[in-house]
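Novice: Sharing a model that was predicted from the sequence below.
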Amino acid sequence: MGPCKYLVIFYGVSAGQNGPNMGADEQDLVMLVYLVLNVEENKIVGVHQFPVRPTGADVNENILSEEVTTEFGISEHDIKSAPPLESVIRQFDSLAQEELGGDLTLVTDGQLHLRQCLYPEVTRKNITLPSYYQRFHDLRKEFQSCVPSPVANTVDAGGGGIEEMLTAFSLPSDSAPDKSLQNVNNMARILQKLVADGRNLHEPEIVQLILEPGIRSRSEQVDTNCVVRARGLPWQASDTDIARFFTGLNVSPGGVALCLSPQGRRNGEALVLFESVAHRDMALRRHKHHIGNRYIEVYKATGEDFINVAGGNNSEAQEFLGRGGQVIIRMRGLPYDCSAKQVIDFFNTGEDACEVLDEDHGVLFVKKPDGRATGDAFVLFKEEGEGEKALQKHKEIIGSRYIELFRSTTAEVQQVLNRSTEPAAKGGVVGGTSAPLIPSLPPVPPMAVIPQQLITAGTRKDCIRLRGLPYEAQVEHILEFLGDHAKNIVYQGVHMVFNAQGQPSGEAFIQMDSEPSSFSAANNRHHRYMVFGKKQRYIEVFQCSGEDMSLVLTGGASALGHHQQQGKAPLLSPGGSMLGPQGTFPYNPLMGGMPHTTSRPPAPGSFSPFPAQLLYWPYPSPPISPNNYFLPPHGHMSSPSSLLTPTSSISSLSNGVTSPLPSGGPQGQGSPQLPQGPPPNTLLTVETVSQVNLSRGAAERPNTETLLRSSVYIH
């Protein structure tokens, strides 16, 4: 049978769905039942039933589903007067240690009670389980090994379960009025039958709590039925955070691969490889479960998807990862001339001093294909404790620059190193492995527009980025939030980011008058609360450069403009100075009406503020939010292709809407005549760029591609 003296049947009842969908709705447990079976005597020595008070029971009147109240007979009064889950677990553990000596193994009816219900809930509530919860026998699998396959397959698939097992063994069903006790007693009869027949149970299943490291190669074969894609992750999420989201399920070694944007930043997605198809299927049931306040989407993916992200062929990365460190830290914002000794000294000094693994060999700098530094590096640490101390140095200084620290993964190291050494693939995708998440978009006709005023650029960190703003927040609320720091904002320096449907994204960029001003604002206002009516939101404030800001507001086109050939037109957008004689006031051609070459502007307010077919990108991926896509030409129209940028910059001040023109500039040549009357709500801007290699699988295009972005100027 096995070395343990006692088998303990574990059974839980959820406040929401039970049966085959148990745990899919993220509801708390409201009842735990333990039945203790003495294996040597084949005798039941105790049954312990504990009602559990779920989270929110003191606030919500009706927390139990109809199934729970009718079938299991649990009332709202029962759970409101019950102890919380942590107390129940401690109570049974005391009994297990005193009466059973801790010599026990759990038995469950399937996988869901432990893997899908108990483990996710204790993780959400930061409860530590005793070690015997990590090993259990699945009664369905034990039954499957000793009966004809047709019946066993039905049971294992979640069919009749206990009832079919009783029928197969010709055992009577228990008649207890309480369904949870009835099920536990029936499981005990099946288990006693297996013991009486001399059946030896298999080795207990293991619940892995620690994500094991692993290195994947491009040539490796991965079971395509064991991979999922998780979307909507916080951009700060590490591989351990994602494994924690899937707690209770066994992830393969090195099985979490964080996806990166074309700029090398995390894009809010990850591919996860599980040890079996059954665990992958349970992971899919966690679709729209939460990390904090964010719900996470979970979809099927393929083994090829996983290897494209996690697999590596860079020998330098393979050598670095092969040193065996448990923790990898990614550094960002390093001086370009930073040395390995400076990095080691950065971690070795101060209050939270920690040792870098293998000294110089434990530091790996990321370089561009031409060998220039990127300001990023990966650092290895031997143990978890050293890594935790290293992360405490987030935003400390090397030279005159503060350094950002993030927990990283083996897959991220390989992705970044692959991209830094491989030549740009067709379409501008570095490494040739990234593919657009949305393969094609509907065509959008060209439109005559007014260029946007110049957005700042440069590597000086004289800007700040605000994240988590209430969607109703206006510029005056941002100024009030910044307080005394608002006096250091430059003229027209507030840029609110909207998505392509014109909805606020909760982000804003602000240009400050100097680096010390932006540094002070980021340090003093980061994670402070903005009060908006009855709402109270904490706001993230980061220092960034004009180049970072421009990348987001222009969808990356401004950065790509540096690669233009000499003699080509620069990527500029000075307000109102680039239109030819046919320049007209903008309108939305998707709504029909006048041809785009007309010299007569439409009446204000007669067009929709945003093109109806623009892509709504629901998951901005800080710190580089937008992703770029080419749009094919529209039918018979002879027009350049359009590059769609799912986010847009909005420079907001206080009164009215106008198109900013150069001070004292003429209204004739190169500048459109603006109509009189009420100001419109939006302007669409077009920038002309030359020979831009776009990411996300877009093919190279010849000159004069059109960059479409919606912008609003409130002046």
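Specialist: Yep, that arrived.
Novice: low-confidence ranges in the stretch 501-650 of the chain?
Specialist: Applying pLDDT under 70 to the stretch 501-650 of the chain flags residues 501, 534, 553-650.
Novice: what's the closest non-adjacent residue to residue 62?
Specialist: residue 76 (6.9 Å; CB to CB, 6 or more residues apart in numbering). Any C-beta I mention is one placed from the backbone N, CA and C, and that applies to glycine too.
Novice: Verify the contact between residue 218 and residue 304 for me.
Specialist: No - applying CB atoms under 8 Å, one finds residue 218 not in contact with residue 304, separated by 10.6 Å.
Novice: And the pLDDT for residue 676?
Specialist: The per-residue pLDDT reported for residue 676 equals 46.
Novice: ok so residue 330 is a strand residue?
Specialist: Yes - Residue 330: assigned to a strand according to DSSP: H, G, I helix; E, B strand; the rest coil.
Novice: bridging residues for it?
Specialist: Assessed by DSSP bridges, residue 330 has beta-bridge partners residue 378, residue 406.
Novice: wait, what's in contact with it?
Specialist: Residues near residue 330 by CB atoms under 8 Å, 6 or more residues apart in numbering: 376, 377, 378, 379, 405, 406, 407, 408, 412.
Novice: give me that answer again for 6 Å
Specialist: Taking CB atoms under 6 Å, 6 or more residues apart in numbering as the criterion, residue 330 is in contact with 378, 406, 408.
Novice: now residue 294
Specialist: Neighbours of residue 294 in contact, by CB under 6 Å, 6+ apart: residue 232.
Novice: coming back round to it: so which of the contacts of residue 330 is the most crowded?
Specialist: Counting neighbours by other CB atoms under 10 Å, residue 378 leads these with 24 neighbours.
Novice: so who does the residue nearest to residue 221 when sequence neighbours are not counted touch?
Specialist: Excluding its sequence neighbours, the residue lying closest to residue 221 (CB to CB, 6+ apart) is residue 303, at 7.0 Å. For residue 303, the contacting residues are 222, 223, 224, 227, taking CB under 6 Å, 6+ apart as the criterion.
Novice: Separate out the buried members of these.
Specialist: Neighbour-count burial (16 or more other CB atoms under 10 Å) is assigned, among the contacts of residue 303, to 222, 223, 227.
Novice: for those, which one is nearest residue 267?
Specialist: Taking CB to CB as the measure, residue 267 lies nearest residue 227 of those, at 17.5 Å.
Novice: wait, doesn't that closest one sit right on residue 274?
Specialist: No - Residue 227 is beyond contact range of residue 274, at 7.6 Å (criterion: CB atoms under 6 Å).
Novice: how much space is there between residue 268 and residue 412?
Specialist: 14 Å (CB to CB, to the nearest Å).
Novice: And residue 303, how far from residue 214?
Specialist: 15 Å.
Novice: can you check residue 463 too?
Specialist: Counting by CB to CB, the separation of residue 463 from residue 214 is 39 Å.
Novice: then stretch 241-253 to PDB, C-alphas only?
Specialist: Listed next in PDB are the C-alpha coordinates belonging to stretch 241-253 (Å, rounded to 0.1, in the frame of the first residue of the first chain):
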ATOM      1  CA  ASP A 241       4.700  35.900 -10.300                       C
ATOM      2  CA  ILE A 242       3.200  34.000 -13.300                       C
ATOM      3  CA  ALA A 243       4.000  30.600 -11.700                       C
ATOM      4  CA  ARG A 244       2.300  31.900  -8.600                       C
ATOM      5  CA  PHE A 245      -0.800  32.800 -10.700                       C
ATOM      6  CA  PHE A 246      -0.900  29.100 -11.900                       C
ATOM      7  CA  THR A 247      -0.100  27.800  -8.400                       C
ATOM      8  CA  GLY A 248      -1.200  24.200  -7.800                       C
ATOM      9  CA  LEU A 249      -0.300  23.300 -11.400                       C
ATOM     10  CA  ASN A 250       3.100  22.000 -12.300                       C
ATOM     11  CA  VAL A 251       5.100  24.100 -14.700                       C
ATOM     12  CA  SER A 252       8.000  22.500 -16.500                       C
ATOM     13  CA  PRO A 253      11.500  23.600 -15.600                       C
END
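Novice: mind listing what's buried in it?
Specialist: Within stretch 241-253, the residues that count as buried by 16+ other CB under 10 Å are 241, 242, 243, 244, 245, 246, 247, 248, 249, 250, 251, 252.
Novice: Could you look up the SS state of the nearest residue to residue 17 once chain neighbours are set aside?
Specialist: Of all residues not flanking residue 17 in the chain, residue 25 sits nearest, at 5.2 Å (CB to CB, 6+ apart). Recorded secondary structure, residue 25: coil (three-state DSSP).
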